[in-house]
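Below is the sequence, then the predicted model.
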Amino acid sequence: EVQFVESGGGLVQAGGSLRLSCEVSGVTFDDYAIGWFRQAPGKEREGVSCISSSDGLTWYSDSVKGRFTISSDNAKNTVSLQMNSLKPEDTAVYYCNLAAAVMRYWGKGTLVTVSS
């Protein structure tokens, strides 16, 4: 069973930084993508960033490109999201996500609040 331990959310002022971490266990797939989605109040869940386990390729949504950086430590089974230049519109619950073949697994989420 794939399980996640997410950490790093909190309250920060606009322009500040936060670092989210997600430690994942129970992964039996050889090839998967792991990353982050977010859901703001009243809005649909949206993809933020992900990284491929096989080749390290990364993807970012246009709204965070240039501000957020995803990284992974395969030895520690951890994926991190460094979030800089945060904006009030980044306020959301951030969910760690792992996608393999047709399966998708979700963490419980961590709240990020950016005050103006």
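Looks like it arrived, so ask away. Numbers count the residues shown, from 1 in each chain.

quick one: contacts for residue 17?
Contacts for residue 17 (Cβ atoms under 8 Å, 6 or more residues apart in numbering) come out as 82-86. To be clear about C-beta, it is placed using only N, CA and C from the backbone, and glycine gets the same treatment.

And it, how far from residue 116?
Distance from residue 17 to residue 116, counting by Cβ to Cβ, to the nearest Å: 16 Å.

And residue 13, by the same measure?
Taking Cβ to Cβ, one finds residue 13 at 8 Å from residue 116.

Over to residue 16?
When residue 16 is compared with residue 116 (using Cβ to Cβ), they lie 12 Å apart.

These two: which is more packed in?
The neighbour comparison of residue 16 against residue 116 (other Cβ atoms under 10 Å) goes to residue 16, with 14 against 9.

show me what contacts the more buried one?
Counted by Cβ under 8 Å, 6+ apart, residue 16 has contacts 86, 114.

name the element the residue nearest the centre of the chain belongs to?
For the chain, residue 36 is the residue whose C-alpha lies nearest the centre (Cα atoms, centre = their mean; 2.5 Å). Using DSSP states H and E, residue 36 sits within strand 33-39.
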